[in-house]
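*Asks:* 3D model of this:
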Amino acid sequence: MDKKIGLIVGREWSMPPKFIEQVNNRNQGVIAEYAKLGGTRMDEPCEYAVLVDRISHEVPYYRSYLKNAVLQGAHVVNNPFMWTADDKFFGASLVTKLGIASPKTVVLPNKEYVPGIVHNESLRNLEFPIPWEKHIEYLGGFPIILKDAHGGGWKQVYKISNMEELWARYDESGLLTMILQEFIRWDDYIRCMCLDQGDILVMKYDPINRKYLKHELDKEMYDRVYSDSVKLVRALGYDMNTAEWAIRDGVPYAIDFMNPAPDMDVYSLGQEFYDWCITHLADMCIKLAQDPRPQPQEFRWNQLF
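*Replies:* Below is the predicted model of the structure:
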């Protein structure tokens, strides 16, 4: 009987059918399809050898289903137990521990809270007002970046030039947990598609116009970005991710590297990079279906350092 790969997606249109076609046309005893879910019983067996998750960060039921699937022996791309634990502040601390250059980062108390929080009783551990000036000094002064610690797709990301602008944007953040980050004035910018914790496509990228560029990289820089990307995704346990690097004075800074549902649209990537992503994603998933490797159900960070 063929082993099955289940694809869980949202509004994407170019990647899902191409990926399914790529897997099914290889005739390797593995088939891919859109996973169909209608409620899951506790300890329910999973019919899929591999599940590719592109949307559970926005659909909580999918996350619950996927964690049960791991318990049943399926390999989930990406591990839902890591998805649950990560945030951009933790990531900044993690890569610093790994010896990778990263912008200085501060996580802020929330602006607003769920009903039931009484400010003068529930929040007695919080310093008020927030020591804004100390944080700005630590980050090296304006401009700085303010962004959602759990966000993606460039949503809720702001370049801040003064204190008034910072307060205004912070006041709009509501229940989001925001981080402040040192602004890296970059000389060059690189985005890496990372698959299978070691299969890396290094691409020059223009983050202002959000366009990929087909320019050669210096070999020394290429090798460093490649190796740092491998180190990073293995620490995070991600089988599918993008890592962005801002190059300043010859040093690659890890800017945005927790993207477990990375953009794989043909119009974003361009045909050449898109074809690479679909082919290599299919390679990885077929290999995982045919020769599964254990997937951690807990993370012990001390083993990394």
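*Asks:* domain-wise, how is this protein divided?
*Replies:* Domain ranges of the chain: 3-84, 87-101+184-259, 104-182, per automatic domain parsing.
*Asks:* chain center to the first one: distance?
*Replies:* Here domain 3-84 is found 17 Å from its chain centre; the criterion is C-alpha atoms, centre = their mean, to the nearest Å.
*Asks:* same thing with the second one?
*Replies:* Between the mean C-alpha point of domain 87-101+184-259 and the mean C-alpha point of its chain there is a distance of 11 Å (C-alpha atoms, centre = their mean).
*Asks:* distance between the ends of that domain?
*Replies:* 10 Å (C-alpha to C-alpha, to the nearest Å).
*Asks:* model confidence over that domain, on average?
*Replies:* For domain 87-101+184-259, the mean pLDDT works out to 93.
*Asks:* please renumber so the chain begins at 42
*Replies:* Sure thing, new numbering starts at 42, so read that last one as domain 128-142+225-300.
*Asks:* give me the buried positions along the helix or strand containing residue 200.
*Replies:* Under the criterion of DSSP states H and E, residue 200 resides in strand 198-201. For strand 198-201, the neighbour count (16 or more other C-beta atoms under 10 Å) marks 199, 201 as buried. The C-beta positions use only the backbone N, C-alpha and C, and glycine is treated the same way.
*Asks:* neighbouring strands - and their directions - for that strand?
*Replies:* strand 185-189 (antiparallel) (DSSP bridges).
*Asks:* what about stretch 182-200, start to end distance?
*Replies:* Note: stretch 182-200 ends 12 Å apart using C-alpha to C-alpha.
*Asks:* what distance separates that stretch from the centre of its chain?
*Replies:* That offset, for stretch 182-200, works out to 15 Å (C-alpha atoms, centre = their mean).
*Asks:* residues contacting that stretch, please?
*Replies:* If you take C-beta atoms under 8 Å, 6 or more residues apart in numbering as the criterion, stretch 182-200 is touched by 98, 128-130, 144, 148, 177, 201-203, 206-207, 210-211, 214, 217-224, 251, 300, 302, 304.
*Asks:* and for stretch 71-87?
*Replies:* Here stretch 71-87 has contacts from 43-50, 57, 60-61, 64-65, 89-90, 92, 102-103, 105-106, 109-110, 112-115, 323, 326-327, 330-331, using C-beta under 8 Å, 6+ apart.
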